[in-house]
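A.B. asks: just a sequence and a predicted model for now, questions to come.
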Amino acid sequence: MTTTEPTSAPRPPTTIGAAPLTARGARTRAALVKAARALFERQGYLDTNVGDIAKRTRVAHGTFYTYFTSKEEIFAEVSEELQHQLLAVAENEQYGLTKRDIGHNINFFMNVPVTPDGGLTFADGVSGPGRYVEMRAEMDVIVLISNCPQLNNPCNAYNPTPVRVMVWGPD
């Protein structure tokens, strides 16, 4: 299986209020987003704060607020970038796919019961340590795997455990 680094067109300059960012401002904003993504991936959303993001970007704490109003806003930006990257991979000519080819997610270890009034709730998973899923692909597939908790999901006390993935070639 080969992986392809997603490529996407440069994003249009962002504005603060009505004024477009300067080139330097756009670079600073992009650096903040890059730092936030790295920290969210390594530490998780709850254990990352604005100060951590500013420190990793090597800017003053207040500089963060020049570009974002909150940690939630930069998290939304990181999520949107990830979505664009996933679509860029899916729509790569090499694969011959479009957005319509992206299937729904499969959630193996999370417990989201339906309430009597038809709503959804998050509950601790029903699987224990060491549990696993085996799957067999009968054709080439592109797979996205995540073990990170959702922003509003208290499962595992917002502390995901490592995932081990093993891939074999054709028999």
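C.D. replies: Everything's here; your move. Numbering: from 1, shown residues only.

A.B. asks: distance between the ends of stretch 92-102?
C.D. replies: Start to finish, the residues bounding stretch 92-102 are 13 Å apart (C-alpha to C-alpha, to the nearest Å).

A.B. asks: revised request: answer the last question for stretch 93-106.
C.D. replies: 25 Å.

A.B. asks: which residues are in contact with that stretch?
C.D. replies: T4, L86, L87, V89, A90, E91, I142 (C-beta atoms under 8 Å, 6 or more residues apart in numbering). In short, each C-beta sits where N, CA and C put it, glycine included.

A.B. asks: redo that, cut-off 7 Å
C.D. replies: For stretch 93-106, contacts defined as C-beta atoms under 7 Å, 6 or more residues apart in numbering pick out T4, L87, A90, E91, I142.

A.B. asks: please narrow these to those residing in helices.
C.D. replies: L87, A90 (DSSP state H).

A.B. asks: and the contacts of stretch 93-106, which are buried?
C.D. replies: L87, A90, E91 (16 or more other C-beta atoms under 10 Å).

A.B. asks: please name the nearest non-neighbouring residue to the second one.
C.D. replies: With C-beta to C-beta, 6 or more residues apart in numbering as the measure, L97 is the residue that lies nearest to A90, at 4.8 Å, once sequence neighbours are left out.

A.B. asks: and the end-to-end length of stretch 85-97?
C.D. replies: Its start and end residues considered, stretch 85-97 measures 14 Å (C-alpha to C-alpha).

A.B. asks: pLDDT of that stretch, averaged?
C.D. replies: For stretch 85-97, mean pLDDT is 80.

A.B. asks: same deal with stretch 21-39?
C.D. replies: What stretch 21-39 shows for mean pLDDT is 93.

A.B. asks: what's in contact with it?
C.D. replies: 13-15, 48, 52-53, 56-57, 59, 63-64, 67, 74, 77-78, 81.

A.B. asks: hmm, try it at 8 Å
C.D. replies: Residues from elsewhere that reach stretch 21-39 (C-beta under 8 Å, 6+ apart): 13-16, 48, 52-54, 56-57, 59, 63-64, 66-68, 71, 74-75, 77-78, 81-82.

A.B. asks: as TSV, the buried ones among the contacts of stretch 93-106 with distance to R131 would be great.
C.D. replies: TSV is the format used below for the buried ones among the contacts of stretch 93-106 (distance: C-beta to C-beta, whole Å):
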residue	distance to R131
L87	31
A90	29
E91	34
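
A.B. asks: on that earlier part again, show me which pair in the contacts of stretch 93-106 is furthest apart.
C.D. replies: T4 and L87 (13.2 Å; C-beta to C-beta).
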